[in-house]
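Undergrad: I would like the atomic coordinates for the input below:
(chains A and B)
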Amino acid sequence: MSRYTSANIVLIFGLIIVAIGSLLYGRANMSVMDVINALFGGASEPVTIIVRELRLPRVILGIVIGAAMGVSGAALQGVLRNPLADPGVVGVSASAALGAVIAIHLGLVAIWPLSISIFAMAGALAATAILFIISARDSSVLMLILVGIGISSLAMAAISLVMNMADNPMSIRDMIMWMLGSLENRTVTDLLLAVPFIIIGWLMMINIGQGLNALSVGEDTAQTMGIDIKSLKLRVVVGSAISVGAAVAVCGSIGFVGLVVPHMVRALITNEPGRILIPSALLGGLLLTLADVVTRMPILSTDLRLGVVTSLIGAPAFLYIIYKTRRTMR
Amino acid sequence: MSGLMVKNISLELEGHKILQDVSASVKAGETVGLIGPNGAGKSCLLKSILGLLDLDTGSISIDGENLKDLSLKNRAKKMAYAAQGAPVHWPLTAETVVGLGRVPHLNPWQKLSKDDKIALEYAMQRTDCLDLKDRQVTTLSGGERARVLLARVLATGAKYILADEPVSSLDPSHQLQVMKILSGLSKNGNGVLVVLHDLSHALRYCDRIILLNEGKVIGQDTPDKILSDDNLKNIFGISAARWSENGHQFLSPLQIEDGSTS
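TA: Here you go, the predicted structure:
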């Protein structure tokens, strides 16, 4: 068995173990049998509700969102041929946050709990549309990065404006807490809202591996190898914007997963840009689920936010990997 | 019509006439040098032939088939490109990079077959880089990397090879090695079009030379006719020292001449 296959199998096992751990761990003490009975019928009603409606959606969301971030980060780094690219680079994270902040400012949550996610999704889709229109015309790497920075800056400015206009400190607190990211209290409805878009994003990127590999010897050369570069870029940029946008819309801004995970995969498994996609999805799902378990640990008096945990773990890990691979990554 | 035929192509980029009514050809079995001063349009001509730039007028055909009628993959099977100073963006092994040469022959999910691997090994043997196959390309020296990238080009199995200044950043022995490999390819039935700045290499290794200046073809003929004192003076603005050794002709720029046109 190749290193690639065995690494993927290890990651799948790891993911399953962490997912089970996440189902088991929480305020209500449960045994493995409780969880199994709750999933397949036969447990008492409160246990079934806790597992099926509170913990399971959270675990699935963690896996799917982590996978979306990991795979988008890997694909964007491959297309932009820049190891510093992360899903935020195309501007969807900030635009999704803008949507959420507007929904909080308008006080829609009280009337309609899903409004934050819907508004965030609208923000992400608007950014995706702008990206699509621009990258369909001019898809140079520099252009994509600059447009992403432009969209991000504009969204951040608008977020500041909304915060500036907020007259009540509680709503500013809500906005900041949302932006720190969380999977707490997410329901099946959130799952149903995000997952279809994430899957559409994945389908758009389904066979990009060969093209990403070819791109490692430059755009012109890749094209002379029979790769349609324009379509490849469009699919990666729009596909990752849609899936990351949907992810951020339901769980808030979660930093570093999309940036760090591809680096870990490169350090541990392979440098081939086309072959880091699947391991990045698996490792992304694994790490985000793990980080979500950490947020529930009684470390501080209050619950830790998911985005805080991922960044606190991600940034040092990133520095370590960069230091370790400094010789080959030039 | 066999061969790579370029007919009356013109190209304008942002209001500048880059190529004007250029016609040229490369036949299987010959090494054709493409020379001219900086800004003459050599790289653009190469990229136009490869379909990387959209032409304003004119047509390009490969062995009788119009380039426009060929899919990207089919073009890639017939023509391979050695880009100038080609970068490698990730620390991939030499074998992986050479393996990319087989991309035109594979669908997006396909792995390298036994035949593909034979093609890889053959290409690496010819460019003398088989011993580098497990090394990361980012850690190779300039000469080693050039050979690996050339092996990538050969591994495509394409009939026509287009190389943009393949020796400009190499030391003398690697220059000779790469030029020998390229001209050797044409003896095996490939058609090679190579952009060169070193006129001595052009004189020694090319069967024919296309001289380009300000986007126009000044002439295409045998090296000794194209590299005449008149052309060197009028187009390059130089005079040259000439000598011969072991039956080969050599030429080295001597001094700048007045009356230069570029």
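Undergrad: contacting residues for the residue nearest in space to the middle of chain B?
TA: With distances taken as C-alpha atoms, centre = their mean, B:Ala163 lies nearest the centre of chain B, 2.0 Å away. With contact set as C-beta atoms under 8 Å, 6 or more residues apart in numbering or on different chains, B:Ala163 has these partners: B:Tyr81, B:Ala82, B:Val153, B:Leu182, B:Val192, B:Leu193, B:Val194, B:Val195. Glycine gets a C-beta too; all of them are placed from N, C-alpha and C.
Undergrad: how about B:Leu50, what does it touch?
TA: Listed by C-beta under 8 Å, 6+ apart, the contact set of B:Leu50 reads A:Asp220, A:Gln223, A:Thr224, B:Arg75, B:Met79, B:Tyr81, B:Leu162.
Undergrad: quick one, phi/psi of it?
TA: In terms of degrees, to the nearest 10, the main-chain angles of B:Leu50 are phi -80, psi -10.
Undergrad: and if you look at A:Val79?
TA: phi -70, psi -40.
Undergrad: would you mind measuring from it to A:Leu282?
TA: 20 Å (C-beta to C-beta, to the nearest Å).
Undergrad: ok, A:Pro196 next?
TA: Distance of A:Pro196 to A:Leu282, given as C-beta to C-beta: 21 Å.
Undergrad: and the two? which has more neighbours close in?
TA: A:Leu282 (25 against 12; other C-beta atoms under 10 Å in any protein chain shown).
Undergrad: name the element A:Asn82 belongs to?
TA: A:Asn82 is part of no helix or strand, with elements assigned from DSSP states H and E.
Undergrad: you'd agree B:Ile181 is up against B:Leu149?
TA: No. Counting by C-beta atoms under 8 Å, B:Ile181 stays clear of B:Leu149, with 11.8 Å between them.
Undergrad: compare the two (neighbour count), which wins?
TA: Legend: neighbour count by other C-beta under 10 Å for B:Ile181 and B:Leu149, higher for B:Leu149 (28 against 19).
Undergrad: next, the contact list for the more buried one, please.
TA: With contacts defined as C-beta under 8 Å, 6+ apart, B:Leu149 is in contact with A:Val217, B:Ala82, B:Ala86, B:Val88, B:Val97.
Undergrad: show me which residues of chain B are close to chain A?
TA: B:47, B:50-52, B:71-77, B:79-81, B:83, B:86-92, B:96-97, B:100-101, B:103-104, B:106, B:108-109, B:136, B:138-139, B:149, B:152, B:156 (C-beta under 8 Å from any C-beta of the partner chain).
Undergrad: 7 Å instead?
TA: B:47, B:50, B:52, B:72-73, B:75-76, B:79-81, B:83, B:86-92, B:96-97, B:100, B:103-104, B:106, B:108-109, B:136, B:138-139, B:152 (C-beta under 7 Å from any C-beta of the partner chain).
Undergrad: count the neighbours of the nearest residue to A:Arg52 once chain neighbours are set aside for me.
TA: Leaving out its chain neighbours, the residue that sits closest to A:Arg52 by C-beta to C-beta, 6 or more residues apart in numbering or on different chains is A:Ala38, at 6.2 Å. A:Ala38 is flanked by 23 other residues according to other C-beta under 10 Å.
Undergrad: number of nearby residues for B:Val98?
TA: The burial count assigned to B:Val98 is 30, neighbours taken as other C-beta under 10 Å.
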